[in-house]
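coords below, sequence missing:
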């Protein structure tokens, strides 16, 4: 692997891409720690030191690399873009116009990308407004008495919202620059960077609070989780597809054998994001009606059983939602009828299965059988941090660094980036990273 790195850096054009990506990463990290105008940076640091980061803000803070609770210019993170992309992808099934654009190729995809950008800005405005409103009301850090925004005039609050929204637009631009001129998918690299930036601090907290033995056990267990996730992410069911020979003019086409790959984790990390976002809604609603910790009745029930990540009700509900959203998302994104029609159109068939409706039924049967273990795998990986909160948590403000959404995204993005570098090395007859 080290020789592959040397080969990559020795190739001029690939070296330029890697250095350009590192430059964008440096610019992005500077913006992630630069506070927005009108925010008291010392007060934010003092409040963040004793904040509970295992509740409603943990997912957003994860995708922003810790910038959310620092109220930096990149506080909104990449989450608005992820949400907008998912919404546009789901709307292609509901809205016929979007479905037509998806089938138009590169021109239609460019139009969908433009819609995604517009929706991202709208969601960034909503998220920034919500974060600033919570910070101004003292709900962002309920246990902190210091004022995060000293000047809470309309002009000052509007300036912070505009700055955060502009930060989201800049993040989109940086991600597209990495995709065009760097290495890997730009948005995925930024998400990977945000998650990786939090691991050293969380590991240091575990080492300082729990000691070296617990820290060593967490590291060993983290390596086992990462190796297991890599093994499952690489797993796929390859359905053989045979293309019949066809005479078009004076040329013979077809007659080749290939396969249709169906991954064990066909849905990726989307079901985990859906389930996490849905479980954070009760906490958000309870906070809108006042201090949830001092509430009674339904507020106390939500805080005790639904919001509390150590509660068995929360764990079982989280696990069930992940399984449901896995089937839901795969059903929408992997249309077996369209795949069967495409294979029939180009003269392809599965050996032993007739083209058309029988092929669609066979694909649905295989997809259903492989989705079940894939959904269980996603659910188990996602709820692992909940079982280790009592070990790694002190003062209810420490997260388990290896589990759930973080490790799934890091492994997926890492594998895709390494494969892209490897493919460029193989074009120049170098030995790649993966053997």
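The structure has been received and is ready for your questions. Everything numeric in this text was worked out from a predicted model, so none of it was measured.

count of neighbours near residue 21?
Applying the criterion other CB atoms under 10 Å, we find 19 residues in the vicinity of residue 21. For every residue, glycine as well, the C-beta is placed using N, CA and C.

so who does it touch?
For residue 21, the set of contacting residues under the criterion of CB atoms under 8 Å, 6 or more residues apart in numbering consists of 178, 182-184, 189.

any idea which element it lies in?
In this structure, residue 21 sits in helix 12-32 according to DSSP states H and E.

do the same with residue 259
Residue-wise, residue 259 maps onto strand 257-263 under DSSP H and E.

that strand pairs with which strands?
Each strand pairing with strand 257-263, determined using DSSP bridges, is listed with its direction: strand 236-243 (antiparallel).

quick one: buried residues of the strand it pairs with?
Along strand 236-243, these residues count as buried under the neighbour rule (16 or more other CB atoms under 10 Å): 239, 241-243.

which residues touch it?
Counting by CB under 8 Å, 6+ apart, strand 236-243 makes contact with 254-264, 343, 346-351, 363, 366, 370, all of which sit outside it.

tell me the helix or strand right after the lowest-mean-pLDDT helix or strand in the chain.
When the helices and strands of the chain are compared on mean pLDDT, DSSP states H and E, helix 389-392 comes out lowest with a mean of 50. Once the chain leaves helix 389-392, the next helix or strand it forms, by DSSP H and E, is helix 404-426.

got the angle for that next one vs helix 12-32?
Taking axes from the mean of the first three to the mean of the last three CA atoms, to 10 degrees, one finds helix 404-426 and helix 12-32 inclined to each other by 160 degrees.

show me what helix 404-426 is packed up against.
helix 2-10, helix 12-32, helix 58-63, helix 186-210, helix 212-234, helix 270-288, helix 357-387 (3 or more CB pairs under 8 Å, 6 or more residues apart in numbering; DSSP states H and E).

nearest to residue 138, of these?
Put simply, out of those the one that sits nearest residue 138 is helix 270-288, at 10.8 Å, with distance taken as CB to CB.

residues contacting residue 150?
Listed by CB under 8 Å, 6+ apart, the contact partners of residue 150 are 38, 40.

filter the contacts of strand 236-243 to the buried ones?
Buried positions within the contacts of strand 236-243, assessed by neighbour count (16+ other CB under 10 Å), are 260, 262, 264, 343, 348-350, 363, 366, 370.

would you turn these into TSV with pLDDT and distance to residue 301?
Formatted as TSV, the entries for the buried ones among the contacts of strand 236-243 read as follows, by pLDDT from 0 to 100; distance: CB to CB, whole Å:
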residue	pLDDT	distance to residue 301
260	87	47
262	89	41
264	88	37
343	85	51
348	83	55
349	85	56
350	87	51
363	90	44
366	91	42
370	91	38
